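Enquirer: Sequence and predicted structure below; questions after.
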Amino acid sequence: MGTVIEFNLKEIEGLSQRLNSFCLSSDLKMKLLHDIGVEVKEQTLDRFDLEEDPEGNPWKKLVDATTKYKNRVLKGGILEREGYLKDTLTVQVKDENSVLIGSPRPYAEFHQVGTSKLPKRPFLGFHTENIKELQSLIDRWINSHVK
C-alpha cells in the first residue's frame, strides 16, 4: 500500500510554464523530472529532521509513553523508529509530465493522513519555498543541459 504524491508539472503553473518555454525532447524532459523528484525527496527527508509538515507546521508531539519508550529503546525523530520510512522514499518518473514520490511502507499513509488513533503528520507535499527551490533547479538544469 504505502503513500505517494504525484508531482504533475501541469498542476504547478509557474514550473510548467518555465519548463514549456524550452523545447525539450521527451527523454530530456523525463531526465529533468527525475532530478526534480530527487530534489522533492531531499526536501521530504529534511522534514523528518525538522519534524514539520510541508507548510512548515510542527508535527504533533508524541505522547509521553511513546517518548519514554523511544528514549529507552530507539533513536531518531517523531516518524523514525528504525529508519524504514525515510529509507524507502522513492522517486519514479510516471510520464513526461509527472513524477511520483513516496514510500511503499504500509504505515506511510497513516502518518500522512492520520487515523482515529494516530495524529496526522504529513511529510509529503510542497511549500512555497520548495517550489522556489524547484524553479531554481529547473533553471540550473536547463543551463547545464541545453546549449
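Expert: On my side now, so go ahead.

Enquirer: Low-confidence bits of this protein, can you list those?
Expert: 1, 7-22, 146-147 (pLDDT under 70).

Enquirer: What segments of it are strands?
Expert: 3-8, 90-95, 98-103 (DSSP state E).

Enquirer: Format these as TSV; extra columns: distance to G37 and mean neighbour count.
Expert: For glycine as for every other residue, the C-beta is placed from the backbone atoms N, C-alpha and C. Converted to TSV, those look like this (distance: least, Cβ to Cβ, whole Å; neighbours: other Cβ atoms under 10 Å):
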stretch	distance to G37	mean neighbour count
strand 3-8	7	18
strand 90-95	4	15
strand 98-103	4	21
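
Enquirer: and stretch 68-76, which residues are buried?
Expert: K70 (16 or more other Cβ atoms under 10 Å).

Enquirer: Run through who's touching that stretch.
Expert: Residues outside stretch 68-76 that contact it (Cβ atoms under 8 Å, 6 or more residues apart in numbering) are L62, E80, R81, E82, G83.

Enquirer: right, and the strands of the chain - which one's nearest S116?
Expert: strand 3-8 (17.4 Å; Cβ to Cβ).

Enquirer: How far off centre is the longest helix along the chain?
Expert: Looking across the chain with DSSP state H, the single longest helix is helix 26-50. Relative to its parent chain, helix 26-50 has a centroid offset of 7 Å by Cα atoms, centre = their mean, to the nearest Å.

Enquirer: Report the angle between it and strand 90-95.
Expert: Here helix 26-50 points in a direction 150 degrees away from that of strand 90-95 (axes from the mean of the first three to the mean of the last three Cα atoms, to 10 degrees).

Enquirer: What about L32, how many residues nearby?
Expert: 23 (other Cβ atoms under 10 Å).

Enquirer: For the residue lying closest to it once chain neighbours are set aside, grab the count of nearby residues.
Expert: Once flanking residues are discounted, L32 sits nearest to W141: 5.5 Å by Cβ to Cβ, 6 or more residues apart in numbering. As a burial measure, W141 scores 19 neighbours (other Cβ under 10 Å).
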